[in-house]
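K.L.:
No letters, just coordinates:
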C-alpha cells in the first residue's frame, strides 16, 4: 500500500486502514489464501446482474422459477414422463397432467400487453403421456431386480431371557 497524500499538506499520512493492511501483510495473514496469484474473473462485470448469476452458478441453484410462465411450462413439458416416474398411481399421473393442461390453458387466455407475440405452449395428450409413463415404469422395474424380503428375526421365548449364554 502506498501512503495517501492528504490535500493541503506537504508530507504523506498513512491512514488507519492502510496501516492495518500493511501490518497484516507483514505478519503474513494474506499469504496462501485461496485464489492467490490467480487472475480475477472480470469477463461479465459489465452486466448489472453479474454477482447474482455467479452466485446461482456457484450454488447450483435451479433457475426455472425465474422463467416467464410460458417458458416454465415448456420446460416442465419437456420433462414428461421422466418427471412423473416417482408417482405411484396412474390416477396421480393423470391429475398432474390435467393440472398442467389447466395451467397451459390459463396462460394462453392471459391478455398480452405490449408484446408482439408470446411464446406458444402446447398442452399434453394425457393418455399418450400415461402410456409412456407405464412403459417407463415397466422398463425401470425390469432393470432393477427385486430383492427378496428379509427373513423375520427368530423370536426368543420368555424363559430364554433368564438363561445364561
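P.N.:
Received, thanks. Computed from a predicted structure; not experimentally measured. Numbering: from 1, shown residues only.
K.L.:
Give me the mean pLDDT for stretch 97-113.
P.N.:
The average pLDDT for stretch 97-113 rounds to 89.
K.L.:
Okay, now the unreliable bits of this protein?
P.N.:
1-12, 115-116, 146, 156, 158-161, 163-165 (pLDDT under 70).
K.L.:
how about the helices in it?
P.N.:
For the chain, applying DSSP state H gives helices covering 16-27, 50-59, 69-78, 90-109, 126-143.
K.L.:
quick check: angle from the third one to helix 126-143?
P.N.:
Pointing back at helix 69-78 there. 40 degrees (axes from the mean of the first three to the mean of the last three C-alpha atoms, to 10 degrees).
K.L.:
How far away from the center of its chain is helix 69-78?
P.N.:
Put simply, helix 69-78 sits 16 Å off its chain's centre (C-alpha atoms, centre = their mean, to the nearest Å).
K.L.:
how does the chain divide into domains?
P.N.:
The record's domain parsing of the chain by automatic domain parsing lists 4-59, 64-143.
K.L.:
Rebuild those as a markdown table, extending it with mean neighbour count.
P.N.:
C-beta: built from backbone N, CA, C; applies to glycine. A markdown table is the format used below for these (neighbours: other C-beta atoms under 10 Å):
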| stretch | mean neighbour count |
| --- | --- |
| domain 4-59 | 10 |
| domain 64-143 | 13 |
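K.L.:
With residue 153 as the reference, name the closest of those.
P.N.:
domain 64-143 (28.8 Å; C-beta to C-beta).
K.L.:
Between the two ends of the closest one, how far is it?
P.N.:
One end of domain 64-143 to the other measures 31 Å (C-alpha to C-alpha, to the nearest Å).
K.L.:
The domains of the chain into CSV, with extra columns for distance to residue 155?
P.N.:
Listed next are the domains of the chain as CSV, based on distance: least, C-beta to C-beta, whole Å:
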stretch, distance to residue 155
domain 4-59, 51
domain 64-143, 33
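K.L.:
what about residue 64, distance to residue 81?
P.N.:
18 Å (C-beta to C-beta, to the nearest Å).
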